[in-house]
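Asker: Sequence unavailable; structure follows:
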């Protein structure tokens, strides 16, 4: 059996000719109909964009009052929710090349901080690895955090020239820098330290002290000069 022929999409010109068949229309009006159909089809194609920035630009163009007044969002294939979102956002669309450069600098600084002895310690077990699967398989030796992410964020913000948000700080943490499980703690992050941490949490919950972690207690008791030596 022969494969059925695929139905080819009708061209804008053929569609207009079909719809206007048997109707007297001047060449100028026919051109306008054709232009409208071409624009409608091109808009639908352009909305399937990979970049969020490109999508934002496209929706900014079509979030004007005329399209909303004549209710042409649906015929143009536009998402009503995205139109509302970009219509409310009146910020001008400016592409700053330095944004990408600054993002790379922030990533490098945060990663460097997490890999420093101030924030983490390398696992003494040579067989302790963390694996990340993606385009390339990455295998890295584990590093254990020396405190909570909130405490480390405070330390980073105090020293960083261009601090990032807490959520971004957590996102930029290298995948192999992890919290050490209590069962694995056999060196500097030992059960003694964990017991102290539990006591502080209980005292903090009872509103006896403000500190809730070992690091926050040291920061409250010691001066900056001592903290730098830790």
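Answerer: All right, it came through fine. Since we're looking at a predicted model, the values are computed, not measured.
Asker: rest of the way, CA atoms for contacts and neighbours
Answerer: Fine.
Asker: list the contacts for residue 209?
Answerer: 200, 203 (CA atoms under 8 Å, 6 or more residues apart in numbering).
Asker: where's it relative to residue 221, distance?
Answerer: 12 Å (CA to CA, to the nearest Å).
Asker: what's the answer for residue 129, then?
Answerer: 36 Å.
Asker: Between the two, which is the more surrounded one?
Answerer: Between residue 129 and residue 221, counted using other CA atoms under 10 Å, the more crowded position is residue 129 (14 against 10).
Asker: Would you map out the domains in this protein?
Answerer: The chain breaks down into these domains under automatic domain parsing: 12-88, 98-180, 190-230.
Asker: For the top helix by length along the chain, the averaged confidence score.
Answerer: Looking across the chain with DSSP state H, the single longest helix is helix 27-46. The average pLDDT within helix 27-46 is 80.
Asker: where does this structure dip in pLDDT?
Answerer: Where the chain drops to pLDDT under 70, the residues are 1-8, 46-64, 67-68, 70, 72-99, 182-191, 224-230.
Asker: Show me where the chain has its helices.
Answerer: Using DSSP H, helices in the chain cover 12-19, 27-46, 52-61, 65-69, 80-88, 97-114, 149-159, 166-171, 191-205, 214-221, 224-229.
Asker: So which of those is nearest residue 139?
Answerer: Nearest to residue 139, of all the helices of the chain, is helix 97-114, at 16.5 Å by CA to CA.
Asker: Can you tell me what sits against the closest one?
Answerer: 119, 120, 145, 156, 162, 164, 169, 172, 173, 174, 177.
Asker: Now list the buried members of the residues you listed.
Answerer: 119, 120, 145, 156, 164, 169, 172, 173, 174, 177 (16 or more other CA atoms under 10 Å).
Asker: before we move on, back to that, buried residues, the longest helix of the chain. List them.
Answerer: For helix 27-46, using 16+ other CA under 10 Å, the buried residues are 30, 33, 34, 37, 40, 41, 43.
Asker: and if you look at stretch 147-164?
Answerer: Across stretch 147-164, burial judged by 16+ other CA under 10 Å covers 147, 149, 151, 152, 153, 155, 156, 163, 164.
Asker: Using CSV, lay out these together with distance to residue 10.
Answerer: Formatted as CSV, the buried residues of stretch 147-164 follow (distance: CA to CA, whole Å):
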residue, distance to residue 10
147, 63
149, 58
151, 62
152, 60
153, 58
155, 63
156, 59
163, 55
164, 51
